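Asks: the sequence and its predicted three-dimensional model are supplied below.
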Number of protein chains: 4
Amino acid sequence: MDRWTRRVEALTDGVFAIATTLLVLNLAVRSGLQHHEFLAALRALGPKVLAYVVSFLVIAVYWIGHHNQFFWIRRVDRRLIWITTFFLMAIAFIPFSTSLIADYPNEVPAVLIYGTNVILAGLALLVHWRYASGPGKLVPQPMDPRVSAITSRRIVLGIAFYAVGTLLAFVSPIISVVLFAGLPLPYFMKSSEIDRRIKEQQAALEHSPASRRRSG
Amino acid sequence: MDRWTRRVEALTDGVFAIATTLLVLNLAVRSGLQHHEFLAALRALGPKVLAYVVSFLVIAVYWIGHHNQFFWIRRVDRRLIWITTFFLMAIAFIPFSTSLIADYPNEVPAVLIYGTNVILAGLALLVHWRYASGPGKLVPQPMDPRVSAITSRRIVLGIAFYAVGTLLAFVSPIISVVLFAGLPLPYFMKSSEIDRRIKEQQAALEHSPASRRRSG
Amino acid sequence: MDRWTRRVEALTDGVFAIATTLLVLNLAVRSGLQHHEFLAALRALGPKVLAYVVSFLVIAVYWIGHHNQFFWIRRVDRRLIWITTFFLMAIAFIPFSTSLIADYPNEVPAVLIYGTNVILAGLALLVHWRYASGPGKLVPQPMDPRVSAITSRRIVLGIAFYAVGTLLAFVSPIISVVLFAGLPLPYFMKSSEIDRRIKEQQAALEHSPASRRRSG
Amino acid sequence: MDRWTRRVEALTDGVFAIATTLLVLNLAVRSGLQHHEFLAALRALGPKVLAYVVSFLVIAVYWIGHHNQFFWIRRVDRRLIWITTFFLMAIAFIPFSTSLIADYPNEVPAVLIYGTNVILAGLALLVHWRYASGPGKLVPQPMDPRVSAITSRRIVLGIAFYAVGTLLAFVSPIISVVLFAGLPLPYFMKSSEIDRRIKEQQAALEHSPASRRRSG
């Protein structure tokens, strides 16, 4: 792995770490409240804490998705860095759109902004993979076409799910919010196909003379 | 150490660095105060500064605990990453629960939220170790069962301590706060057992041909 | 790459990751607004979101510029670290000057501060390269003079562009803002000259015995 | 360099990157001001910008000091990590004490808090070096006693300077503030002694078979 690849990973990890941690700044209770005001303020935080948890998981899903791509990516070029920039711009925006949906779960525009934000991050990740595994030739050649297709499909499914959830805001924003909260769940499960191929590849590398190049 | 392991460490270090540093945002003095108002504002900061110090130490204890586990962990899988996500979610929440306890040390709910937060981080770290050293097989096999047991016990003790401290809030929240402030102290001392085993392992590795794989 | 070089990169990546992510803190909508107030607040955010996007891209341009220099830089010395400090000081200031220009796009001083901030970052990056490739001898010797000249020229062009944009604030601040928004665009395109030389160098290194030293 | 040493560096770099970048949060201009109010608000920011620059440099001085120690440190133990924790606790506190001195440069307590904060960071760094180069035996043995002494002396001088500056607050806080602003300047100059020895050591390592162990 060359220096540029390593630094793109470092910048990405930094932005992800900060974006998740900044989510907590949406939570606050004014000081100097009386006992009953304090209890009311805590109760009012309920939806914000839920939004904190959900967005934390959404960002984690994207982080894992980015890592899964970088498992294959061997080098980066200027185009990939610009795609990464737009991806990170969408990720870094999530604390703000999370604050909107936490404060205004009944407002259609809040749901539209949150959904669009998550979808844009997904689109950037899709372009990232399509470019790296396609014209950019940043993965080992020839690339197993099934790995390439499964990776894309997984992102497209997530985008489709969020697009449906976002559009349902016109029926009822609360339906969207409930769907958004449920999205990360399927990503918890082992993606047997992707994980099996990564494992095979890892095993193959460990027994090849090129393995030293990948570690470190 | 493979790339995924390295990036999990990088993300973890990032979240810990930010969580500790965000603690300082709980400290603020309005500008434009008169001399006596300024002095009063500084005095009112006293408990907040104490909370800053205590939570900084609590987060450091968890960081060291996480590192001690990663000393043994050789690779990560999807499940461990999800456990890590919940662990980091609890760590990143600490600046908020610290602000509650700093502003409302006499309020039972503030103490309950802070205690629960720290306990959840401990439980995530316990699950992390149980999984990595057990079914996940992410540590060298066979793992010394005593190292495994000591590591778990240390976390369980901390959780138990915090659980007692949290429950005592129903007697008096101030007792809880005093106990919370004292918790990190025992972790300062050398854990002779864990540290001795890590040292033995380090010495063994330095003389083994596999040592190169761990450095870097 | 020695330890100091690696840590300068790590600190730089950290400051860049945080500076980009802090940009989002300029975006906020008060809670508790009525439907029409909420819509008005969102509309008022328009210029701030644009400023977020533009400053994110400006910071990314500088990050890539810094990386391109570090592609050649083999070691760092105390002087380079101090130059880096001033460079990072200007980068970390961008979230503030962005908030000024987002809130006050019609105010000449806001535009002057933003433009000066970006120009100072550019000057620091120029001094960084002139020192590293010149008296500091921190790049491989002898350094291809054309690479050195192209790198400088690219930075000087950016500074000149921003200087013109900034001075036009005295005619109309809005003209400056529009120019500032357009600046990152040319940097999207492949810098065929710089990238071709980096590629040649990478290819040369991969076939040389010194290649191991660069990977890391 | 083992994994623990690397992670201590990573956490340290993270906290430093965040502490410097958070300094900018002390700068803010309310939105919606009229032209003359806006100009007045900018003028009022003058001392805050100065405080931003000075604290950025102070933190950079400490970062370089920490790095210079880690140039020699080969491994870390639990005690060093706790010393590091207190060091980082003082560093992460600087954005707050900077906001105090920027808002209240005429207030003795503000100056005392800022000075004490910087002194505590210096003391932690001194204990760090004394322990690592002394009883901790974390540096190559035998350690050149002159390197050890120069490193300590440099930190002690800084602490003494700040102690004098802090105490002068009882005469006039403005004198303290001016001295604080001047402190980082001498650290800009090449520390010919330290740098020469580090260079010698680097040259020696490059020609020794152990050099591979330090890179990477």
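Replies: Structure's in. What do you need? Residues are numbered from 1 along each chain as shown, chains lettered A, B, ... in the order given.
Asks: quick one: the strand or helix carrying A:Val147 to chain centroid distance?
Replies: Secondary structure here is read from DSSP states H and E; on that basis A:Val147 sits in helix A:145-167. With Cα atoms, centre = their mean, to the nearest Å as the basis, the distance from the averaged C-alpha position of helix A:145-167 to the chain average is 12 Å.
Asks: quick check, it touching chain B?
Replies: No: contact between helix A:145-167 and chain B is absent, the nearest approach being 12.7 Å (criterion: Cβ under 8 Å from any Cβ of the partner chain). Using the backbone N, CA and C atoms, a C-beta is placed for each residue, glycine as well.
Asks: need the CA coordinates for that helix. CSV is fine.
Replies: Listed next in CSV are the C-alpha coordinates belonging to helix A:145-167 (Å, rounded to 0.1, in the frame of the first residue of the first chain):
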residue,chain,number,x,y,z
PRO,A,145,-16.7,-9.8,-11.7
ARG,A,146,-19.0,-11.4,-9.0
VAL,A,147,-17.2,-9.5,-6.1
SER,A,148,-17.6,-6.3,-8.1
ALA,A,149,-21.3,-6.9,-8.8
ILE,A,150,-22.1,-8.0,-5.2
THR,A,151,-20.4,-4.9,-3.8
SER,A,152,-22.4,-2.6,-6.2
ARG,A,153,-25.7,-4.4,-5.5
ARG,A,154,-25.3,-4.0,-1.8
ILE,A,155,-24.9,-0.2,-2.1
VAL,A,156,-27.7,0.1,-4.7
LEU,A,157,-30.1,-1.8,-2.4
GLY,A,158,-29.3,0.6,0.5
ILE,A,159,-29.9,3.6,-1.8
ALA,A,160,-33.1,2.2,-3.1
PHE,A,161,-34.3,1.5,0.5
TYR,A,162,-33.5,5.1,1.5
ALA,A,163,-35.1,6.5,-1.7
VAL,A,164,-38.4,4.7,-0.8
GLY,A,165,-38.1,5.8,2.8
THR,A,166,-37.5,9.4,1.7
LEU,A,167,-40.4,9.5,-0.8
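Asks: would you mind measuring from the nearest residue to A:Thr98 once chain neighbours are set aside to chain B?
Replies: Sequence neighbours aside, A:Ser55 is the residue nearest to A:Thr98 in space, at 4.2 Å (criterion: Cβ to Cβ, 6 or more residues apart in numbering or on different chains). Distance, A:Ser55 to chain B, using Cβ to the nearest Cβ, to the nearest Å: 10 Å.
Asks: hang on, A:Ser55 packs against A:Leu23?
Replies: Yes: taking contacts as Cβ atoms under 8 Å, A:Ser55 lies within contact range of A:Leu23: 5.6 Å.
Asks: which neighbours do those two share?
Replies: With Cβ atoms under 8 Å, 6 or more residues apart in numbering or on different chains applied, the overlap between the contact sets of A:Ser55 and A:Leu23 consists of A:94-95, A:98.
Asks: of those residues, just the buried ones, ChimeraX syntax please.
Replies: Those of the shared contacts of A:Ser55 and A:Leu23 that count as buried under 16 or more other Cβ atoms under 10 Å in any protein chain shown are selected in ChimeraX with:
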select /A:94,95,98
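Asks: which one of the shared contacts of A:Ser55 and A:Leu23 is nearest to chain D?
Replies: Using Cβ to the nearest Cβ, A:Pro95 is the member of the shared contacts of A:Ser55 and A:Leu23 that sits closest to chain D, with 14.6 Å.
Asks: I'd say the closest one and A:Val58 touch.
Replies: No: using Cβ under 8 Å, A:Pro95 makes no contact with A:Val58, being 11.3 Å away.
Asks: now the element after the helix holding A:Val147, going C-ward?
Replies: Heading C-terminal from helix A:145-167, the first helix or strand you meet, by DSSP H and E, is helix A:173-182.
Asks: just want the angle from that following helix to helix A:145-167.
Replies: When axes from the mean of the first three to the mean of the last three Cα atoms, to 10 degrees is applied, the directions of helix A:173-182 and helix A:145-167 differ by 150 degrees.
Asks: which residue is nearest the centroid of chain A?
Replies: Most central in chain A under Cα atoms, centre = their mean is A:Tyr62, positioned 2.0 Å from the mean C-alpha point.
Asks: roughly how far apart are that one and B:Pro140?
Replies: Using Cβ to Cβ, to the nearest Å, we find A:Tyr62 at a distance of 32 Å from B:Pro140.
Asks: A:Leu50 too?
Replies: Computed as Cβ to Cβ, the A:Leu50 to B:Pro140 distance reads 40 Å.
Asks: what about the strand or helix carrying A:Gly115 and chain B, any contact?
Replies: When secondary structure is defined using DSSP H and E, the element that contains A:Gly115 is helix A:108-133. No: Helix A:108-133 stays clear of chain B (Cβ under 8 Å from any Cβ), getting no nearer than 15.2 Å.
Asks: and A:Arg75, its phi and psi?
Replies: For A:Arg75, the backbone dihedrals are phi -150, psi 160 (criterion: degrees, to the nearest 10).
Asks: is it true that it touches A:Trp4?
Replies: Yes: using Cβ under 8 Å, A:Arg75 makes contact with A:Trp4 at a distance of 7.3 Å.
Asks: more neighbours: the two, which one.
Replies: Neighbours were tallied for A:Arg75 and for A:Trp4 using other Cβ atoms under 10 Å in any protein chain shown; the higher tally belongs to A:Trp4 (21 against 16).
Asks: how close does that one get to chain D?
Replies: From A:Trp4 over to chain D (counting by Cβ to the nearest Cβ), the distance is 17 Å.
Asks: contacting residues for that residue?
Replies: Each residue near A:Trp4 by Cβ under 8 Å, 6+ apart is listed here: A:75-76, A:81, C:67, C:71.
Asks: element containing it?
Replies: Of the helices and strands defined by DSSP H and E, A:Trp4 is found in helix A:3-22.
Asks: and chain A, which residues reach chain C?
Replies: Counting by Cβ under 8 Å from any Cβ, chain A comes close to chain C at A:1-4, A:6-7, A:10-11, A:13-15, A:17-19, A:22, A:25, A:77-79, A:81-82, A:85, A:88-89, A:92-93, A:95-96, A:99-100, A:103-104, A:107, A:109-110, A:113, A:213, A:216.
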